[in-house]
Structure formats: structure tokens, C-alpha cells
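Student: Got a sequence here, can you model it:
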Amino acid sequence: MEILVNGQPGMASAPDDASLGEIIQYLRVEFGRQRLVVRTFTVNGEEVFPDDDAELCARLAGDLEKLEVQLATLEAVSHDVLDELAAKMPDLAAQAVSVTEKLQTGDANVASEELQRFVNSVAYVVDAISNIQQLLNIDFAKYNTDEHDVKESFNSLGSQLNDLHEAVKDRDMATLGDILEFDLAPKIELMGTMMQALRDDIRQQVEAEVEAERKAQGE
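Tutor: Okay, here's the model as predicted:
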């Protein structure tokens, strides 16, 4: 089986008696050590999702023609994730207010469903930012403002989500609405601004590294 990495042959190889799953896991680990992230695996022209395709991953390399691997740097992937999340933050803040309005109008069933989606979205954002912060060793204090302590905001989000659950369980709609509209909504907006600044810093770093590599190759 031929392995192409970002379209280039000869950068990786595998024995014919190794399974596709073993090869994929090996490549993930090895590239990860180089701070590279696999964006896609493509086998014989079709994208593979290893966690969902056990039958294909069990096949041997000798039975397959070509594995194409698309890589990106950790910084580039983090930039893309931040770009996507930052774009969604205004909608997420608006969703907090929307849930409050539905609670006030007595539309409990719709509010409950929307609240669950909101909580899941906030939890996803927190996990994503926490992972990026750890992987890139980011100092959140750099992004603090007079009105926003980034680290404190992330630390308090977990407890505020727990407060939401308690308010729902106690059917305390007044507290629920206050947390959503006056605590979480403005905090989410400020977090969105922080993520845009962090995204821009990472983009500048990636561009500087690309330029330095270009100059080095030209020498």
C-alpha cells in the first residue's frame, strides 16, 4: 500500500501484514510527536473515519492500494477551531437570552430543549479552549481586560452550569433566567472577543513560521 503524506510519497511506509487500523494509530502517534495533526485519512479515494469503520480498519495494508494522509500543524488546527468557535459565540450569547424569554412566556418544553442545547454548546466550547490552552501552553492572563479575567471566567462557567441544573431541578425559573441573561450571556460575548484575539495571535505565529521556512528554503 502506498502512503502519501500531504500528497508526497516516501514519507511513511507500512508492512503488508499490518492492519489499516494499526497503521492509522501509528501515524497519529508519530505525527503527534511532531506537533502535527491528521485532518483526514483517505483510502483508495474515499475518506475514512477510523472510529466508525472497524471493518475497513481491519483490512491489511497488502490488500489496499493507497492511503492518503492530510496533515496540519497543531497551531493551524487550533486557529481553525478558534475561528469557528469565535464566529458562533454571538449566537450562543443570544441563545441564552432566547431561553430566558421562552421561560418568561411559559413555553417550558421548548425552553427546556433549547437550554440543553445551550449547555452542551457551552461545555463543548470550554473543553475545546481548555485543550488548546494546554496544548499550546497559552497564558490566558495576556487576554485579560479591566472587565474580564479569562481564567476566572472559565473556572466559573462550570459552577454556573451546575447552578443552571439546580435551578431547573428546583423549577426556580427566576434564578435560571438571571444566570442565563445576566451572568452567562455577557460572559460568553467577552469570551468570543478573547478567542478572536487568540486566533489572530496564532495566525500571526503560523504566518511568521511559514515565512521563516520559505526564507530558509530560498537560501
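Student: quick one: contacts for the residue nearest the centre of the chain?
Tutor: Nearest to the centroid of the C-alpha atoms of the chain, with distances taken as C-alpha atoms, centre = their mean, sits residue 128, at 4.3 Å. Residues near residue 128 by C-beta atoms under 8 Å, 6 or more residues apart in numbering: 81, 85. To be clear about C-beta, it is placed using only N, CA and C from the backbone, and glycine gets the same treatment.
Student: rerun at 10 Å
Tutor: Residue 128 makes contact with 78, 81, 82, 84, 85, 195, according to C-beta atoms under 10 Å, 6 or more residues apart in numbering.
Student: Can you tell me which of these are buried?
Tutor: 78, 81, 82, 85, 195 (16 or more other C-beta atoms under 10 Å).
Student: residues touching the third one, list them.
Tutor: Contacts were defined as C-beta under 10 Å, 6+ apart; by that measure residue 82 touches 128-129, 132, 194-203.
Student: Swap in 6 Å and give it another go.
Tutor: 195, 198, 199 (C-beta atoms under 6 Å, 6 or more residues apart in numbering).
Student: among these, which are in helices?
Tutor: 195, 198, 199 (DSSP state H).
Student: Same list, these, but as a markdown table with pLDDT please.
Tutor: Putting the ones in helices among the contacts of residue 82 into a markdown table (pLDDT from 0 to 100) gives the following:
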| residue | pLDDT |
| --- | --- |
| 195 | 93 |
| 198 | 93 |
| 199 | 93 |
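Student: Please identify which of those is nearest to residue 47.
Tutor: In terms of C-beta to C-beta, no member of the ones in helices among the contacts of residue 82 lies closer to residue 47 than residue 199, at 26.2 Å.
Student: Let me see the confidence value for the residue nearest to that closest one when sequence neighbours are not counted.
Tutor: The spatial neighbour of residue 199 that comes closest, neighbours along the chain excluded (C-beta to C-beta, 6 or more residues apart in numbering), is residue 82 at 3.9 Å. Looking at residue 82, its pLDDT is 93.
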